[in-house]
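1. Sequence and predicted structure, then a few things I'm wondering about:
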Amino acid sequence: MAVCTSVLQSVADIVPDPALAEIQVHSFNWSTPIDPPRLFIDHGSFADASFWAYVAPRLRSSDTIVVSSTTCLRVAERFFLGEGPLIQNVPYSVDTDLFHPASYRPALRATLGRELSIPTEGPWLLVAAAFVRRKNHHLALLFLKEILETNSGARLLVVGATPDRPTSRAYRATVEALAGSLGVQRRVHFLGQVAHHRLAALMAASDLLVHFSNCRIENFGLVVAEAMAAGLPVVAADWGGLRDLVRSGATGLIARTFLSNLGPRTDWRSVVPPAADLLRDEEAWSGMSRASRMMAETSLCDAAFRVRFAHAVDQAVRRAEGPRSSSSLSPDGTELVMRTIHLNATHPEIQDAGDEFRLLMTMEGGRHYRFLAGPAATREDPPAISLEDRLHPVVTWEVDDGGVQVTDAAWPARLAASSMEIALLRASDGRETIDRILRSLHLPPPEREDALASLQRLVNDGVLCPQDYRARPDPGRPLRTGA
């Protein structure tokens, strides 16, 4: 916001009385009077059903909203019908002076290793996020477990505060317990919240940032951008603003993410082999590090943001001179609005937009949740499977009385399952095709069809995932990209 203020001061005359202004600029304050026309700087509201229910209908075609990812543009295309406000994508910047590659990484790592009592041999994998369940620290632990199969010296450094609320404290305890149950506790170092300069040093000294977040409002990915500025390759979920930053195979690796019936699922297993290869190939790692830094210097620096934001302000002023009609929502958007208002009226336990998101997941087959969050994922519905697919689990699970308990820390659930379905789940470890698994069970043709349907249900519910699938093409209208 300080940079935005600086840009505004350099390109416009700032007047104390809004009545004298051509345009007013706000962040968070959506309830400001409609005249003069408004420029809003958004920080993730497009991921909230409540934004579309209570704010979007009050916007005018003369308004402008600055967002930070192409996902936000796609969400707006789904909701606004006709002449809505102008939506402009202006990705944020990072401090490329503070976050930069180390002049000599071994010396920096040796210093940090002594200060933090962390052995320096083997690759350092870094997680930098507060202990919020949807940030998926637990997936990083599972990822580490697999990496250790081919690189026994790997370590996971976890940087991040534990917010002072019961869910975050419980999640921190769950993650620590998981490290013990996986047998990797001596390979995981919980460093707590650190100063920005220490984070920058850790990024410059590490080998890989692991960021499997599918948090509902991951609209930009600041920690990913900072890591890239530090020359640190990134393994990230294909989710929200993260995909704008990470170029898979060039600046990092992307883990496909789909919307299951029970919440977003990131296929973290799919990036284990290429990540393991990268950690063993010094030349490939150095090339990815240089590409990350180059992207940060050209696209994520302060100067690049200033140019983009100044252009957005200019376009907003031009927009303010045009018609000032009310915004209209699409039919599907209007339907979601009505369902959201109904949810808030009938569920007094709703505390925040995250609760709305959770309730929308199971409402009417999840179509409202998919309409809202679909653009953030690789695909908005579970992938269809075939007999040639190999399936592997993307969550932890265990058998209990009469079913399967999904023990994933972010999206726990209980599923009824027959003994045959449990046998199929146990056999789905990614090694054999579905066809070979079914043949090994010697099932007659009708039961083979039932078994295939059971496996599809386990994919739909986000327990299993095929090793190879593609995003569904989006037939939507062209995007109003603005800047």
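-> It's in. Worth saying up front: this structure is predicted, and the values here are computed from it rather than measured.

2. pretty sure residue 224 contacts residue 236?
-> Yes: the pair residue 224 / residue 236 is scored as a contact, 5.8 Å apart, by CB atoms under 8 Å. The way it works is simple: take the backbone N, C-alpha and C, and place the C-beta from them, glycine included.

3. and for those two, which residues touch both?
-> 209, 211, 242, 245, 246 (CB atoms under 8 Å, 6 or more residues apart in numbering).

4. what mean pLDDT does the one helix or strand residue 177 maps to have?
-> Assigned by DSSP states H and E, residue 177 belongs to helix 166-182. The average pLDDT for helix 166-182 rounds to 96.

5. Quick check: phi and psi on the residue lying closest to residue 305 once chain neighbours are set aside?
-> Spatially, and ignoring its direct neighbours in sequence, residue 305 is nearest to residue 93 (3.5 Å; CB to CB, 6 or more residues apart in numbering). Main-chain dihedrals, residue 93, degrees, to the nearest 10: phi -110, psi 170.

6. Sketch out the helices for the stretch 251-400 of the chain, chain order is fine.
-> 272-280, 282-299, 302-320, 331-346, 353-362, 367-373 (DSSP state H, counting those that start in this stretch).

7. circling back: does the residue nearest to residue 305 touch residue 298 like I think?
-> No: with contact defined as CB under 8 Å, residue 93 does not count as touching residue 298 (11.6 Å).

8. which of these two has more neighbours?
-> Between residue 93 and residue 298, counted using other CB atoms under 10 Å, the more crowded position is residue 93 (21 against 11).

9. Per-residue pLDDT of that one, please?
-> Predicted confidence (pLDDT) for residue 93: 95.

10. One more: residue 479?
-> 31.

11. now do residue 358
-> 90.

12. about what we covered before: could the helices of the stretch 251-400 of the chain go into a markdown table alongside distance to residue 33?
-> Below are the helices of the stretch 251-400 of the chain laid out as a markdown table (distance: least, CB to CB, whole Å):
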| stretch | distance to residue 33 |
| --- | --- |
| helix 272-280 | 51 |
| helix 282-299 | 36 |
| helix 302-320 | 14 |
| helix 331-346 | 23 |
| helix 353-362 | 24 |
| helix 367-373 | 28 |
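
13. any idea which of these scores lowest on pLDDT?
-> Among those, helix 353-362 scores lowest, with a mean of 90.

14. Next, the residues that contact it from outside, please.
-> So helix 353-362 is in contact with 47-51, 216, 261-263, 336, 339-340, 343-344, 347, 349-350, 366, 368-369, 372-373, going by CB under 8 Å, 6+ apart.

15. Return it as CSV; C-alpha atoms alone will do.
-> What follows is helix 353-362, C-alpha atoms only, in CSV (Å, rounded to 0.1, in the frame of the first residue of the first chain):
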residue,chain,number,x,y,z
ALA,A,353,-16.1,-16.5,4.5
GLY,A,354,-14.2,-19.8,4.9
ASP,A,355,-17.3,-21.3,6.6
GLU,A,356,-19.4,-20.3,3.6
PHE,A,357,-16.9,-21.9,1.3
ARG,A,358,-17.0,-25.2,3.3
LEU,A,359,-20.8,-25.3,3.2
LEU,A,360,-21.0,-24.5,-0.5
MET,A,361,-18.8,-27.6,-1.2
THR,A,362,-21.7,-30.0,-0.5
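
16. in this structure, which segments are predicted with low confidence?
-> 470-483 (pLDDT under 70).

17. tell me the domain boundaries of it?
-> As given by automatic domain parsing, the domain ranges for the chain are 2-91+304-329, 105-298, 331-375, 391-466.

18. Let's have these in CSV, adding distance to residue 383.
-> Formatted as CSV, the domains of the chain follow (distance: least, CB to CB, whole Å):
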stretch, distance to residue 383
domain 2-91+304-329, 20
domain 105-298, 6
domain 331-375, 14
domain 391-466, 6
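
19. Out of these, which is the most enclosed?
-> Each of the domains of the chain was scored by mean neighbour count; the highest is domain 105-298, a mean of 20, by mean count of other CB atoms under 10 Å.

20. What separates the first and last residues of it, distance-wise?
-> The first residue of domain 105-298 is 23 Å away from its last residue (CA to CA, to the nearest Å).

21. For the stretch 51-200 of the chain, which segments are assigned as strands?
-> 64-67, 80-81, 86-89, 124-128, 155-159, 188-192 (DSSP state E, counting those that start in this stretch).

22. want to throw these into CSV with distance to residue 55?
-> Formatted as CSV, the strands of the stretch 51-200 of the chain follow (distance: least, CB to CB, whole Å):
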stretch, distance to residue 55
strand 64-67, 10
strand 80-81, 12
strand 86-89, 14
strand 124-128, 31
strand 155-159, 34
strand 188-192, 36
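
23. Residue 40: which element?
-> Going by DSSP H and E, residue 40 is in strand 38-41.

24. Same check on residue 32?
-> Residue 32 belongs to no helix or strand, assigned by DSSP H and E.

25. Not counting sequence-adjacent ones, nearest residue to it?
-> Residue 32's closest residue in space is residue 26 (CB to CB, 6+ apart), at 5.4 Å.

26. got the contact list for that neighbour?
-> 32, 38, 39, 40, 41.

27. That one looks like it's in a strand, true?
-> Yes: per DSSP: H, G, I helix; E, B strand; the rest coil, residue 26 lies within a strand segment.

28. Quick check: bridge partners of it?
-> Note on residue 26: beta-bridge partners residue 40, judged by DSSP bridges.

29. What of residue 188?
-> residue 156.

30. any idea how far residue 127 is from it?
-> 9 Å (CB to CB, to the nearest Å).

31. Mutual contacts of these two, please.
-> Joint contacts of residue 188 and residue 127 (CB under 8 Å, 6+ apart) are 156, 158.

32. Looking at the strands of the stretch 51-200 of the chain, which is nearest to residue 173?
-> With CB to CB as the criterion, residue 173 lies closest to strand 188-192 of these, at 11.3 Å.

33. now the angle between strand 155-159 and that closest one, please.
-> For strand 188-192 against strand 155-159, the angle by axes from the mean of the first three to the mean of the last three CA atoms, to 10 degrees is 20 degrees.

34. dump the residue contacts of residue 456.
-> Per CB under 8 Å, 6+ apart, neighbours of residue 456: 382, 384, 385.

35. excluding its backbone neighbours, what's nearest the first one?
-> This means residue 382. residue 460 (4.5 Å).

36. dump the residue contacts of the one you found.
-> So residue 460 contacts 260, 261, 382 (CB under 8 Å, 6+ apart).

37. I'd like those laid out as CSV, including distance to residue 170.
-> Converted to CSV, the contacts of residue 460 look like this (distance: CB to CB, whole Å):
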residue, distance to residue 170
260, 23
261, 24
382, 28
